[in-house]
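>>> Quick one, structure for this:
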Amino acid sequence: MSTSSNSLHVAGGSPQFIDGGFIELVAVIGTGAYGVVYLAVDSRYPQPVYRAIKCMRRSGLDERQKHFQRREMGLHRLASGHPSIITMDRIFEEGDYIYVVMDYGDEGDLFSMITDKKRYVGDNELIRNVFLQLLDGVSWMHSLGISHRDIKPENIVCSQDGTQVRICDFGLATSEERSSEFGCGSTFYIAPECLGDWFPENKTYPTRSGDIWSLGVILVNLVCGRNPWRIASPSDESFNSYLADPHFLRKILPVSDECLYILTQIFTVHPEERITLPALRQLISEVESFSMTVDELRHAHITAQQKIAAAQPPVLLSLPREDDGWSEQEELFAYDDDLETPSLRSNSDSPRYPLCLSPTTSSNGESLPPTPNLIPDECIAFAHQPQSPQFWEYVPKVTFEYDHNQRSTDVHIKGSCPFTYNSAPTTYAQ
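Below is the predicted model:
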């Protein structure tokens, strides 16, 4: 990887080299409420290697913010001994900042691998292999008493042409078996019990089961390149259609009967009824095909036929550019009236719930509830607060544009940061 020497300009005279000169910061690769992540060259070892360096402010924090910071670093360090978890190499402090040195995922995140490279649709063995890696990583975390609570393609980094995947970003992770922090997660991937609107009488929810739910949505992403619904909320029309008839998913997604059965074992409103990780692993290992067969497609609902055609390669919808008259008042979902299921894109200016669009009508005249496009999802956790207004402010409006396989992020930052910000997709930091 070659980078320009001007790709990173150090603010306020801060050094471009840290850790006693062993680490050279090259460019910003991620941003979030808790810090900046840099691509760096680590020369501490005989052979220099690329690293992802997460920079977090350690001064000016209240006790709650310090707790979240310590929790993230501690749980990530505990979990990083597994091949499906991004390894934390070391932590050190310099000046007002803490630096977390992690392995670098050289092929970006799983979101890009699904949407830009169209790597998985139709490849049953690759889907199985990648999903089992993620499942094993989650099993490892749960065995240590850790719930991730924000598993999604943007928090999974890839290598070896998308055949190796590793989970990162422990910003929302917890060691609590039950939590009262409702709303912790990301819209497309958050489980019903984590929202708090299905069972308002419950004061807490189990944290482990939410990770299994998130894996189910990722399975749909891998198989179809789409999302099944915008959010598992009583207000979501597609999710309610699924609850009324689980076979609804086969009307909007080209999944096999085997895959549908697995999804129904995952997508249960009551977390205590959800499949366990060992049982899920067994089912995934035994699946012959995750997608509909050719014969099934001939008789399938026309929407599913459109989806399988769109997935090879997937039809990805572009968001309007700023110069096309896009305004904050307009709805931020990119949605094609001819498609009823979501691609891996959708966006909202709301930090908690996505906007709702009216139902569309399929080409055969049958009305189906709209489903969202899959887009890098914003974190909706009220508990995941920025460290300090003086460090920076992550403004809710985030626009992702897709043009010729290039992704950019429009992020507004205020306040001082140790280095100037260069716009880049968020992978390691949320």
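>>> From here on, just use CA atoms for contacts and neighbour counts.
Fine.
>>> Give me the phi and psi angles of Asp103.
Main-chain dihedrals, Asp103, degrees, to the nearest 10: phi -60, psi 150.
>>> next one: Val157
Dihedral angles for Val157 - degrees, to the nearest 10 - are phi -100, psi 150.
>>> Quick check: it touching Gly108?
Yes: at 5.7 Å, Val157 counts as touching Gly108 under the criterion of C-alpha atoms under 8 Å.
>>> Looking only at neighbour counts, state which of the two leads.
More crowded of Val157 and Gly108, by other C-alpha atoms under 10 Å: Val157, with 27 against 20.
>>> pLDDT wise, what is the more buried one at?
As predicted, Val157 sits at a pLDDT of 95.
>>> Roughly how far does it sit from Met56?
21 Å (C-alpha to C-alpha, to the nearest Å).
>>> who touches the longest helix seen in the chain?
Taking DSSP state H as the criterion, the chain has its longest helix at helix 124-143. Outside helix 124-143, the residues within contact range by C-alpha atoms under 8 Å, 6 or more residues apart in numbering are 79, 82-85, 120-121, 147-148, 163-167, 208, 211, 215, 219, 222-223, 277, 281, 284-285, 288-290.
>>> for Cys158, which residues make a bridge with it?
As for beta bridges, Cys158 partners with Val165 under DSSP bridges.
>>> Could I get the contacting residues of it?
105-110, 113, 164-166.
>>> For this structure, which segments count as strands?
Taking DSSP state E, the strands of the chain run over residues 17-18, 23-32, 35-42, 49-57, 88-94, 97-103, 156-159, 164-167, 178-179, 205-206, 360-361, 367-368, 399-403, 406-410.
>>> I'd like the ones you listed as CSV, with distance to Ala244 appended.
Listed next are the strands of the chain as CSV, based on distance: least, C-alpha to C-alpha, whole Å:
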stretch, distance to Ala244
strand 17-18, 57
strand 23-32, 38
strand 35-42, 43
strand 49-57, 44
strand 88-94, 44
strand 97-103, 44
strand 156-159, 32
strand 164-167, 33
strand 178-179, 29
strand 205-206, 24
strand 360-361, 19
strand 367-368, 14
strand 399-403, 33
strand 406-410, 37
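>>> can you tell me which of those comes nearest to Ser238?
If you check each of the strands of the chain against Ser238 by C-alpha to C-alpha, strand 367-368 wins as the nearest, at 8.2 Å.
>>> mean confidence score for the closest one?
Mean predicted lDDT for strand 367-368 stands at 38.
>>> Then stretch 112-130?
94.
>>> Just the CA atoms of it, as CSV, please.
The C-alpha trace of stretch 112-130 is given here as CSV (Å, rounded to 0.1, in the frame of the first residue of the first chain):
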residue,chain,number,x,y,z
SER,A,112,-17.7,-3.5,1.3
MET,A,113,-17.0,-7.1,0.5
ILE,A,114,-20.7,-7.8,0.1
THR,A,115,-21.8,-4.7,-1.7
ASP,A,116,-18.8,-3.7,-3.7
LYS,A,117,-17.1,-7.0,-4.5
LYS,A,118,-20.3,-9.1,-4.5
ARG,A,119,-18.2,-11.8,-3.0
TYR,A,120,-20.7,-14.2,-1.4
VAL,A,121,-24.0,-14.5,-3.2
GLY,A,122,-24.4,-18.0,-4.7
ASP,A,123,-21.3,-19.5,-3.0
ASN,A,124,-22.7,-21.9,-0.4
GLU,A,125,-19.4,-23.1,0.9
LEU,A,126,-17.9,-19.6,1.2
ILE,A,127,-21.1,-18.4,3.0
ARG,A,128,-20.9,-21.3,5.4
ASN,A,129,-17.2,-20.8,6.1
VAL,A,130,-17.5,-17.1,6.7
